[in-house]
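**Student:** need the 3D shape of this:
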Amino acid sequence: MTWEPLPPELEPLRNFACYLLRELNLADTPTKQQLEILNYLEHGPDRQIITAYRGCGKSFLTGCYALWRLRRDPFREKVLLVGATADKAIEISTWMLRLVRDIDILQSLQPLPDGRGSVNAWDVGPSVVDQSPSVRAVGILSPSLTGKRCTVAIADDVETLSNSITTLKQERLAAAITELEAIRKPAVDGELTRQTIFLGTPHLESSLYLRMRRERNYSQRLWPARYPDPNGEDGLDTYEGCLDPVMAAEIEEDPSIAGQPTDPERFGHDELLKREMSMTRASVQLQYMLDCRLSTLEKYPIRLGDLICMDLDGKALPQTVSWASGPDQRIADLVSIGLGADRHYHRPMITQGWVDAKETWRCVMAVDPAGRGKDELAWAIVAEYAGNMFVLESGGTTQGYADEVLKLLAMRAKRWNVTQVVVEANFGDGMFEALLSPVMNKVHPCGIEEVRVSQQKERRICDTLAPIIQQHRLVMSTDLIRKDYQEAERNSDRGYERSLLFQMSRITTERGALAADDRIDALSLAVQFFTEAAQQDQNRVAADRDYEMWQWQIEMAADETGASIDALALGLPSKSIGRSYGGVSRVSSGRRA
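**Tutor:** Residues are numbered from 1 along each chain as shown. The predicted model follows:
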């Protein structure tokens, strides 16, 4: 089919998108917010970030925009589709290629039989011979990204939780975006505007999209799912001037619409409510209200950098341990998943003396028996000495109350010589204790205690853990931190949600703050068991122990048995010191000196 220019009525992007929607039997017209996004795509700046709520149709609209550009100038237009992975980008490329073959107005763009026609890279029929294909799909972190050339780069949801959870991953992603900017062709008079377009919904409070806007001169526009409250804590300043101007004008004219859906044709109040109820409050603010200011970090009471991290084997505990945050205390080989500047774990600045486990050992295993399915059965093992808490192990399983799980708990208790098991009794009304007791009696007999809690979970966890961590009295095993991160990396589905360190850095006092909170709940239960011990001062305990050991040395030097052995070794007659036992004076039967 021979290429011809678009009819004048389809020249505007919004008309072209409307035509495609009707041909696909999806809708008669785009929604109000979709029309604003299309207008921003067509007339917006050359470096733009489109941030809209999940389900708004960003990918569909931008795919229409790419086809619109190809249809207007199939000879020189080069579209680069970039996703978090190559598979995501290929999905959009496949969809575009399917439309080219099925929609009559696009059939002139069909690849030629002797040209490139793969979903990874394909040429439109009228294109001139060029090293770069008309459409190419690639992953943002793919080595093949280097050397590509394009007139428009479309990056769709390149920021995900898994590729930006740590500082190192964020820097790697930022470097890839720099490469994406470098491969864009320079502008030429008479041709379409060269553009770099990012589509996304923030997944982190320290989202990369914020950094791009503040540091790389990108323009950002936001379309939240509900009208924000202009009379809220920060009002519309939350969006730092990036809220869609039409939406901002509507709120200014009628503040009573705050909280109502911005796109009721697509997502009404009931539909949004269903989605919000299945998410945490923080996720709703991020992914639907698009509130990802760095200032929101202040609401998180726990910082991973406040932990003391050291090797713990359960054979001894440090007598005194002191925290510091200098460069010498940073642990380079432990990956931190904290928020914002909370990017380093710290080893202790001072560690004085070690107390053998045989001398004093108080160790508790706390179990949160949530059961099978979505929730985990989680446990935490914590030892205590001189008011400091030492987290030796943490784990969880979704296998419920299976025999393998009960045996595993008993074996972990034996491994760390647990002296007490604490079980949250809110579930099963004592059933879990009844199941665990016979297994523990066979493997590692110790006391089992049920604890019933009634306070709001998130507030109880924060009230228990935050003071201990902020005062640097929670010491965590480096082996536990390493395994926690590796386990989260292996599980791409819910690995980070179930990570203890992730839960610690994202917990707030708001109800439903976390999608999963089983492991941090078990840890707070273990720390709560040693609440009274937190009143101790480690330096005073160390001084008392040193004095007691000095007293022991004095007594050993004055002991009759020791003196007799010394006299025997020197060839002297033994001499009794006449110490009384039970009110009776004991006199040596040997000769007196």
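
**Student:** use CA for all of it now, contacts and neighbours both
**Tutor:** Fine.

**Student:** report the secondary structure state of residue 379.
**Tutor:** For residue 379, the assignment made with DSSP: H, G, I helix; E, B strand; the rest coil gives strand.

**Student:** nope, residue 266 is what I was after
**Tutor:** Here residue 266 is coil, with the state taken from three-state DSSP.

**Student:** same thing with residue 365?
**Tutor:** strand.

**Student:** is it bridged to anything, and to what?
**Tutor:** Each beta-bridge partner of residue 365 is listed here: residue 381, residue 421, as defined by DSSP bridges.

**Student:** which residues sit in contact with it?
**Tutor:** For residue 365, the contacting residues are 379-382, 413, 418, 420-422, 526, by Cα atoms under 8 Å, 6 or more residues apart in numbering.

**Student:** again with residue 331
**Tutor:** For residue 331, the set of contacting residues under the criterion of Cα under 8 Å, 6+ apart consists of 344-347.

**Student:** hmm, 6 Å instead?
**Tutor:** Residue 331 makes contacts with 345-346, as judged by Cα atoms under 6 Å, 6 or more residues apart in numbering.

**Student:** just to revisit the earlier point, so can I have CSV of the contacts of residue 365 showing pLDDT, distance to residue 117 and neighbour count?
**Tutor:** Supplementary listing: the contacts of residue 365 in CSV, determined by pLDDT from 0 to 100; distance: Cα to Cα, whole Å; neighbours: other Cα atoms under 10 Å:
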residue, pLDDT, distance to residue 117, neighbour count
379, 96, 54, 27
380, 97, 55, 27
381, 97, 58, 25
382, 97, 60, 26
413, 96, 61, 23
418, 96, 64, 22
420, 96, 67, 20
421, 96, 64, 25
422, 95, 63, 22
526, 95, 60, 28
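
**Student:** just these now: which is nearest residue 311?
**Tutor:** The shortest distance between residue 311 and any of those, using Cα to Cα, involves residue 382 and amounts to 14.0 Å.

**Student:** so what's that closest one closest to, chain neighbours aside?
**Tutor:** Leaving aside its chain neighbours, residue 382 sits nearest to residue 391 (4.5 Å; criterion: Cα to Cα, 6 or more residues apart in numbering).

**Student:** CA atoms only: put the helix or strand containing that neighbour into PDB for me.
**Tutor:** Here residue 391, judged by DSSP states H and E, is contained in strand 388-399. Coordinates of each C-alpha in strand 388-399 appear next as PDB, following Å, rounded to 0.1, in the frame of the first residue of the first chain:
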ATOM      1  CA  ASN A 388      21.700  -4.300  74.300                       C
ATOM      2  CA  MET A 389      19.600  -6.500  72.000                       C
ATOM      3  CA  PHE A 390      21.400  -8.800  69.500                       C
ATOM      4  CA  VAL A 391      19.400 -10.000  66.500                       C
ATOM      5  CA  LEU A 392      20.900 -13.400  65.600                       C
ATOM      6  CA  GLU A 393      18.300 -14.700  63.100                       C
ATOM      7  CA  SER A 394      15.100 -13.800  61.300                       C
ATOM      8  CA  GLY A 395      13.000 -15.800  58.900                       C
ATOM      9  CA  GLY A 396       9.600 -16.600  57.600                       C
ATOM     10  CA  THR A 397       7.600 -19.200  55.600                       C
ATOM     11  CA  THR A 398       4.300 -19.500  53.900                       C
ATOM     12  CA  GLN A 399       3.900 -23.200  54.700                       C
END
